[in-house]
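In: A structural model of the following input is requested.
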Amino acid sequence: MRTSLPTLLVGVVAKAAQVANFRAAQAPQTAGQALSAPARFMLLAEQTRDVEHGRPERAYALLRRYIVSTVGLTCVATPLLWIYMPSLVRLVYGAKYVPAANAFRVMLLAAALQLVFGWTKTFPVSIGRVGLRTAGQLLEVAALVPGVLVLGALYGATGAAGGVLAGSAVLAAFWTVGLTRLSRTGAAPA
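Out: Okay, here's the model as predicted:
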């Protein structure tokens, strides 16, 4: 959903060149999802086992380690990638896509948030609260769709990337509040 839907929406409101720029600018997002997939699979297996064996505190401890690790990684990598993004775009995509460097930068911020909150795909399943995952995704889509449409129409690929960032920020806010509430109550599976 995070890659296909926004690309289709940009195609509705922007010119073909902006759609191409937006699609290329999704590279940080795609890379972050691919790099975090093994960790998310490990989280799913280990957290589910811990919860099933009555050790939800271990599931939360593993989650904290994931969050701290990804926050540390993004705090180091994001500023460097932001600075060198035009050069990286030129190197990987060629000079034709350098004008999309700002779209790449905005998408980099969305990818950083998505990396840190990548656990939201597995943790709700592990603790038996799948409805929380669905609620978070619905809120993300509710912010993403109008954000991509409006900002994409106004600012092309960079604006559409801003819409993706808005959706990611809404999901992050939902789960920051949700995780705080769950951990305060010591919530185990429902």
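In: flag every buried residue along stretch 28-35.
Out: Residues of stretch 28-35 classed as buried by neighbour count (16 or more other C-beta atoms under 10 Å): Pro28, Gln29, Gly32, Gln33. Glycine gets a C-beta too; all of them are placed from N, C-alpha and C.
In: in this structure, where is pLDDT below threshold?
Out: Applying pLDDT under 70 to the chain flags residues 186-190.
In: which residue is nearest the middle of it?
Out: Nearest residue to the geometric centre of the chain (C-alpha atoms, centre = their mean): Gln114, 2.0 Å.
In: residues touching that one, list them.
Out: By C-beta atoms under 8 Å, 6 or more residues apart in numbering, the residues touching Gln114 are Arg2, Gln29, Gly32, Gln33, Ser168.
In: check Leu62 too.
Out: Under the criterion of C-beta under 8 Å, 6+ apart, the contact partners of Leu62 comprise Leu43, Glu46, Gln47, Asp50.
In: can we see that at 10 Å?
Out: Under the criterion of C-beta atoms under 10 Å, 6 or more residues apart in numbering, the neighbours of Leu62 are Met42, Leu43, Glu46, Gln47, Asp50, Trp119, Phe123, Ser126.
In: roughly how far is the helix or strand hosting it from the heart of the chain?
Out: Taking DSSP states H and E as the definition, Leu62 sits inside helix 56-93. Relative to its chain's centre, helix 56-93 lies at 11 Å (C-alpha atoms, centre = their mean, to the nearest Å).
In: show me what secondary structure element comes after it.
Out: helix 101-116.
In: between that following helix and helix 56-93, how big is the angle?
Out: For helix 101-116 against helix 56-93, the angle by axes from the mean of the first three to the mean of the last three C-alpha atoms, to 10 degrees is 160 degrees.
In: off-centre distance for helix 101-116?
Out: Using C-alpha atoms, centre = their mean, the mean C-alpha position of helix 101-116 is found 8 Å from that of the whole chain.
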